[in-house]
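Colleague: got a sequence here, can you build the structure:
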Amino acid sequence: MFKKFLILVLVTMFLGTLMLTNGVAKEGPFVIGLSNFSLGNSWRVQMVEEARYAASAIYGDLVEELIVTEAEEDISKQISDIEDLIVREVDAILITAASPQALIPVVNKAMAAGIVVVDFDNLVYTDNVTAHVIVDQKEFGRVQADWLSEKIGGEGQIIAFNGMKGTAISAERFEGAKNVFDQYPGIEIVQEVHADWDYAKAKRAMEALLIAYPGIDGVWSQGGAMSEAVVEAYLERGKEPPPVTGEDGNGFLKIWAELRDGDYPEFDSIATSMPTWCSVEAMDVALKALTNQPFEHETYIPIPTITSDNLYEYVKPDLPNSYWCNSKLPEEVVKQIFER
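Modeller: A predicted model of the protein is given here:
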C-alpha cells in the first residue's frame, strides 16, 4: 500500500513540474496573440510597438510570432478576434479589453483550450485568467486629485476629463479622483467629459466649456493628450491656464515646460504615468507561464509621478508630441516609429 502511495506521489510531483497555471505544458518558441481594443490614440500605438520590439529584440528566442489584432473599439470584434486566436491555436493571448465584463465568456473559452491568458491595461473582471498585469488606476486618479485639491485650496469649480466611456481604466481613474473630491464640500465638478483620451475631442470640448464656464478653478484630466488640448484652448484665447493634471504624454510635458520657462512661470501640474511597456510586462509573465517559471497571479506596476521637480528628466523636446515619455524603447527605435 505504501509503495503504491509513494509511486502516486512521485508521478504527481513529476507531472507537477510540467504543469502551467492553466494545466498545459508546451515547448517554445511560442506564438503569442495581442488582442488590442483600439489604436485610437498614440499611447495605444506605442504600447503595441513596445510589445513588437520586445518580441523580436528581447524575447526573440522564445517568441516565434506576435499576432496583433485591433478591434477598433468594437466589443463584438474583439470577441471575434480572440475566438480567431483560439482557432489558430496560439500559445498565449495578451488582452487589453474593451469591456471588463463582456469578454469573460471568450476568456473562459481560451483558458479551457489550454491557452495562457494575461490581461493588462484594461482588465477583464475575472479570476479565470493565467495572470493580471495591473496598474492601480484608482491610485492614478487619486494622486492627481489630491494634488489638484490642494492646489486650489480645497474649493472651486473644476471640470473632469475622462477617457473612453465603458472602459475599466477610465471608470477606475475617475472613481479614485472622485473619492478625493467628495472629501471637499467646496469643490464642485461642474462638467464631466468623455473625450476618449483624444486631443481633438478634448480641444473641442474645452473650447465650448470656456464659453460656458470662463472662471474654472482647475481641470482634472486623466490623459496627457486631453491635458495638452485643455491648456492650448486657454492659450489660444490669451488666457492663463488654471492648474491642470496630466499624464506623461510628451506634448503635455513640452507645453508645461514651455509655460514655466516663458510667459507663465507659475503654471504647475502633476503627471502620472500608465507605462506603455505594460504590454511587455504582460508578455514577460506569459512567457514565464509557458516556460514553467515562477510568476505572480497579479503583477502590480508602480505609477511614476512627474512634478515640476523632475519634469525635465522626462520631457523630450526633440521627439514628437505623440511620444509617451515613460518608455523602455531605445531612442533610435522611437524615432523610426514616429518617422513612419
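Colleague: C-alpha from now on. contacts and neighbour counts both.
Modeller: Will do.
Colleague: how is this protein carved up into domains?
Modeller: 8-134+276-302, 137-272 (automatic domain parsing).
Colleague: so which of these gets nearest residue 311?
Modeller: Among these, domain 137-272 comes nearest to residue 311, with 7.2 Å by C-alpha to C-alpha.
Colleague: low-scoring stretches of this protein, by residue?
Modeller: 1-26, 339-340 (pLDDT under 70).
Colleague: centre-most residue in it?
Modeller: Nearest residue to the geometric centre of the chain (C-alpha atoms, centre = their mean): residue 121, 4.1 Å.
Colleague: surely it meets residue 136?
Modeller: No: when contacts are counted by C-alpha atoms under 8 Å, residue 121 is not listed as touching residue 136 (9.8 Å).
Colleague: returning to what we had before: need the domains of the chain in TSV with distance to residue 315, can you?
Modeller: Shown next, in TSV, are these (distance: least, C-alpha to C-alpha, whole Å):
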stretch	distance to residue 315
domain 8-134+276-302	15
domain 137-272	6
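Colleague: among the ones you listed, which is nearest residue 332?
Modeller: Set against residue 332 and scored by C-alpha to C-alpha, these come closest in domain 8-134+276-302, at 11.9 Å.
Colleague: residue 310: which of the domains of the chain is closest?
Modeller: Residue 310 lies closest, by C-alpha to C-alpha, to one member of these: domain 137-272, at 10.3 Å.
Colleague: show me the strands in this protein, by range?
Modeller: For the chain, the strands defined by DSSP state E cover 30-36, 63-70, 92-96, 116-120, 131-134, 156-162, 187-194, 218-221, 246-247, 271-272, 298-300, 305-306.
Colleague: any chance of those strands in JSON lines with mean neighbour count and distance to residue 110 as columns?
Modeller: Formatted as JSON lines, the strands of the chain follow (neighbours: other C-alpha atoms under 10 Å; distance: least, C-alpha to C-alpha, whole Å):
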{"stretch": "strand 30-36", "mean neighbour count": "24", "distance to residue 110": "12"}
{"stretch": "strand 63-70", "mean neighbour count": "17", "distance to residue 110": "16"}
{"stretch": "strand 92-96", "mean neighbour count": "26", "distance to residue 110": "8"}
{"stretch": "strand 116-120", "mean neighbour count": "27", "distance to residue 110": "7"}
{"stretch": "strand 131-134", "mean neighbour count": "23", "distance to residue 110": "13"}
{"stretch": "strand 156-162", "mean neighbour count": "22", "distance to residue 110": "31"}
{"stretch": "strand 187-194", "mean neighbour count": "15", "distance to residue 110": "32"}
{"stretch": "strand 218-221", "mean neighbour count": "25", "distance to residue 110": "36"}
{"stretch": "strand 246-247", "mean neighbour count": "28", "distance to residue 110": "34"}
{"stretch": "strand 271-272", "mean neighbour count": "25", "distance to residue 110": "33"}
{"stretch": "strand 298-300", "mean neighbour count": "15", "distance to residue 110": "19"}
{"stretch": "strand 305-306", "mean neighbour count": "19", "distance to residue 110": "36"}
